[in-house]
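K.L.:
Fold the following, please.
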Amino acid sequence: MGDNKGSVDIQTMDPIDAAASDTESGKESDGVRRSRSQIVLKKSLGLHNGVAIIVGIIIGSGIFVSPKGVLQEVGSVGGSLLIWAMCGLISLVGAMCYAELGTAIPKSGADYAYIKEAFGPLPAFLYLWVALVVIMPTGNAVTALTFSYYVLQPGFPNCDPPSTAVSLLAALAILLLTFINCWNVKWATRVQDVFTVAKVLALIMIIIIGFIQIGRGKYEHFINAFEGTTTNPGSMALAFYSGLFSYAGW
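P.N.:
Below you'll find the predicted structure:
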């Protein structure tokens, strides 16, 4: 893809070609590496940043929301644990399929690249637009609303926070993160690193507290764990949806 402005040709490059061009002599500016014939984006992410991004995506914020929905829809602790195990198995199969696709089709673009390779440009283009207009925005909206609800909850101990305040804070969070990602790559990686560490520490804390409570003898919910399990297909489907939403990072 090229955009001619004066005598400068800005092109995207294959990762192998880009790596080769990095060995050529050139000048670096902020975020851009100039080679003899092309201008490509300078590599700004290190190993630590890459791992933080991957872990942060895998451990989605949905994990702090979905457990309540799974338990409410299933109706029992044992049933909810079974749903979580089945969702994990489904996600494991999906992750293995994506790992195979990534090694078989080494192109950038993930779903878009795989659909284009298998079915052609039109289905890939339609998927891309659906992802940009529906899938990604709704996922970001759910995450932002959850974040704002948790932030405001301590200020309203006896009731739920006002929906208007939750929506406004969620919108501000999305705008702030969008600005950071557009303005500076290093700022975005720092924010990603901080949130990844925070999510991992929060999960570790929850797990440790759970084991401590079991050690204190508070395991009454595991007695007759499957009592009250629903048999309604609609409720089971909603429980699966809530569980898979948390596993969506694969």
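K.L.:
Please work out which residues outside stretch 84-98 touch it.
P.N.:
Contacts with stretch 84-98, where a contact means C-beta atoms under 8 Å, 6 or more residues apart in numbering, come from 70, 240, 243, 244, 246, 247, 248, 250. Any C-beta I mention is one placed from the backbone N, CA and C, and that applies to glycine too.
K.L.:
mind checking how far it is from the chain centre?
P.N.:
16 Å (C-alpha atoms, centre = their mean, to the nearest Å).
K.L.:
So which bits of it are buried?
P.N.:
Neighbour-count burial for stretch 84-98 flags 84, 87, 91 (criterion: 16 or more other C-beta atoms under 10 Å).
K.L.:
avg pLDDT for that stretch?
P.N.:
Averaged across stretch 84-98, pLDDT comes to 88.
K.L.:
okay, now residue 116: neighbour count?
P.N.:
19 (other C-beta atoms under 10 Å).
K.L.:
how about low-confidence regions in the protein?
P.N.:
Low-confidence segments of the chain, defined by pLDDT under 70: 1-38, 40-41, 60-62.
K.L.:
and the buried residues of stretch 84-98 as CSV, adding distance to residue 126?
P.N.:
Listed next are the buried residues of stretch 84-98 as CSV, based on distance: C-beta to C-beta, whole Å:
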residue, distance to residue 126
84, 33
87, 27
91, 25
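K.L.:
Of those, which is the nearest to residue 113?
P.N.:
Among those, residue 91 lies closest to residue 113 (C-beta to C-beta), at 21.0 Å.
K.L.:
now the helix or strand hosting that closest one, how far from the centre of its chain.
P.N.:
Residue 91 is located in helix 77-104, with elements delineated by DSSP states H and E. Centre-to-centre, helix 77-104 and its host chain are 15 Å apart (C-alpha atoms, centre = their mean).
K.L.:
Stretch 189-206 now?
P.N.:
Worked out by C-alpha atoms, centre = their mean, stretch 189-206 lies 13 Å from the chain centre.
K.L.:
Show residues contacting it.
P.N.:
Contacts for stretch 189-206 (C-beta under 8 Å, 6+ apart): 44-45, 48-49, 52-53, 55-56, 59, 61, 63-64, 177, 180.
K.L.:
go again using 10 Å as the cut-off
P.N.:
By C-beta atoms under 10 Å, 6 or more residues apart in numbering, the list of residues contacting stretch 189-206 from outside reads 44-46, 48-61, 63-64, 67, 147, 176-177, 180-181, 184.
K.L.:
Next: stretch 133-141.
P.N.:
Residues from elsewhere that reach stretch 133-141 (C-beta under 10 Å, 6+ apart): 60-62, 111, 127, 130-131, 167, 170-171, 173-174, 177-178, 245, 248.
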